[in-house]
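# Sequence first, then the predicted structure:
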Amino acid sequence: MTKFWNNINKFPRFLFSVIIGFFLTTFYTIFELLKEKNKRLNISITIIVFISIITIILRQMLGIR
């Protein structure tokens with residue numbers, strides 16, 4: 001039973017490291033692309049459009065204005 005509780009105590013640290021790893025690997029590729037001047041504008045526009053679409057969808061779903 002002691003092993004079980006040890007594993008349960010380790011789970012939050014494991015979950016935190018998985019989440020941090022996901023964001024680091026995702027944003028690393030974006031930052032590498034932002035180093036090139038030609039791609040900087042394209043990625044910026046793509047991110048702005050993506051956030052705008054998500055905002056519009058959530059507003060319509062939630063009935064806000």
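Nice, I can see it.

# quick one: buried residues of the longest helix anywhere in the chain?
The residue-count maximum for a helix in the chain (DSSP state H) belongs to helix 2-34. Within helix 2-34, no residue is scored as buried using 16 or more other Cβ atoms under 10 Å. Every residue, glycine included, has its C-beta placed from N, CA and C.

# which secondary structure elements does that helix contact?
Counting contacts by 3 or more Cβ pairs under 8 Å, 6 or more residues apart in numbering; DSSP states H and E, helix 2-34 is packed against helix 37-62.

# Please work out the average pLDDT along the helix it packs on.
Mean pLDDT, helix 37-62: 93.

# Centre of the chain to it, how far?
Relative to its chain's centre, helix 37-62 lies at 14 Å (Cα atoms, centre = their mean, to the nearest Å).

# Centre-most residue in the chain?
residue 23 (5.3 Å; Cα atoms, centre = their mean).

# Next, work out how far apart residue 19 and residue 11 are.
Residue 19 sits 12 Å away from residue 11, going by Cβ to Cβ, to the nearest Å.

# Let's see the pLDDT reported for the residue nearest to the centre of the chain.
Residue 23 is assigned a pLDDT of 94 by the prediction.

# Much appreciated, bye for now.
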